[in-house]
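>>> predicted model and sequence follow; I will ask about them next.
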Amino acid sequence: MLFEVDADRRIATITFNNPARRNSYDATMRDEIARYLDVVAEDDDLTVVLLRGAEGVFSTGADMNNAYGWYGDARTGEGEQTAGRGSRPSQRRRLTVDRKSFGFYHNFMGFPKVTVGEISGYALGGGFEMALMTDISVIARDTRIGMPATRFLGPALGSLHMFFHRLGPVLARRMLLTGDIIEAGAVEHLGVFTEICAAAEVQARARYWASKAAKMPADGVVIAKEAFRLVEQSQAYQGEEVASYLFHAYGTNLQFAPGEFNFVKTRAQHGTREAFRLRDEHFDVPEPHVPEPQ
């Protein structure tokens with residue numbers, strides 16, 4: 001993670017800096033983001049935080065090269081080594097870890113300063129969630145967005161209330177029940193993001209919006225953000241804090257029937273890259289061919 005502060009403009013910038021893995025992140029990186037956000041929140045001279053990814057990719061979410069390593073082992077700390085011996089995280093361990101994970105997302109969604117997303121390339125999984133949670137989001141029209149992990153962890157994944165509130169119930173159901181990855185341009189008419197533009201314009205447009213927000217009275221911004229949070233909590237997010245980590249913890253403990261795709265098992269047998277290829281192959285359903293009218 002990279003962290004920069006432009007005190008004169010009252011803007012801080014946090015950058016995912018893992019381009020070799022399309023800016024996926026692990027628990028350590030997520031904790032680093034949280035620390036930087038705390039720095040911004042406690043600095044009275046900063047008004048805006050700009051979240052972006054290095055080399056034209058926002059983030060592909062949690063690093064699935066270490067699928068069960070997120071949970072580690074409460075006794076040994078061996079992480080995936082323990083999982084590799086056939087042990088699966090207990091339900092209490094899942095709840096403990098997921099409660100912390102979704103605490104991060106809730107803190108980001110209710111962050112007291114203005115959050116601006118500079119989004120291009122890919123915004124998948126947790127990256128997609130953070131893109132949707134930003135106050136002002138600028139996204140490239142060809143950015144690939146979605147929650148593909150629902151295909152092997154189940155559709156009750158992530159911040160459900162937020163998905164329904166930001167995407168609308170129809171689009172939320174479609175994306176969560178299919179795991180589809182779509183281009184941001186396909187939902188341009190729905191107003192999901194603040195601005196959708198060409199990829200070459202994203203950086204400049206995001207900085208434009210950040211500069212506009214940074215001109216606002218700092219006290220007024222903090223008051224407004226708390227007011228926004230109160231309205232959303234009372235109208236849209238009641239019970240969401242518990243529901244998110246509860247259903248995610250259950251979802252990571254799915255039992256797979258014969259013929260269903262088990263990503264963790266496939267990854268252990270064939271490696272991560274091949275597991276992703278086999279996942280895409282398994283879930284590929286060709287569009288029906290409609291004959292041209294004679």
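Right, received. Where do you want to start? These figures come from a predicted structure and were not determined experimentally.
>>> which residues in this protein form strands?
2-6, 11-16, 48-53, 114-119, 122-124, 136-140, 144-146, 181-183, 195-197 (DSSP state E).
>>> dump those into JSON lines; add distance to L230 as well.
(Glycine included, C-beta is placed from N, CA and C.) Shown next, in JSON lines, are these (distance: least, Cβ to Cβ, whole Å):
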{"stretch": "strand 2-6", "distance to L230": "29"}
{"stretch": "strand 11-16", "distance to L230": "25"}
{"stretch": "strand 48-53", "distance to L230": "21"}
{"stretch": "strand 114-119", "distance to L230": "17"}
{"stretch": "strand 122-124", "distance to L230": "27"}
{"stretch": "strand 136-140", "distance to L230": "20"}
{"stretch": "strand 144-146", "distance to L230": "28"}
{"stretch": "strand 181-183", "distance to L230": "32"}
{"stretch": "strand 195-197", "distance to L230": "26"}
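>>> could I get those as TSV with mean neighbour count and distance to F261?
Formatted as TSV, the strands of the chain follow (neighbours: other Cβ atoms under 10 Å; distance: least, Cβ to Cβ, whole Å):
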stretch	mean neighbour count	distance to F261
strand 2-6	14	36
strand 11-16	22	28
strand 48-53	26	28
strand 114-119	27	28
strand 122-124	26	17
strand 136-140	26	29
strand 144-146	21	16
strand 181-183	16	16
strand 195-197	19	32
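>>> near S211, how many other residues are there?
16 (other Cβ atoms under 10 Å).
>>> so it makes contact with I11?
Yes. With contact defined as Cβ atoms under 8 Å, S211 counts as touching I11 (7.3 Å).
>>> ok now stretch 30-42, how far from the chain's centre?
Computed by Cα atoms, centre = their mean, to the nearest Å, the separation of stretch 30-42 from the middle of its chain amounts to 16 Å.
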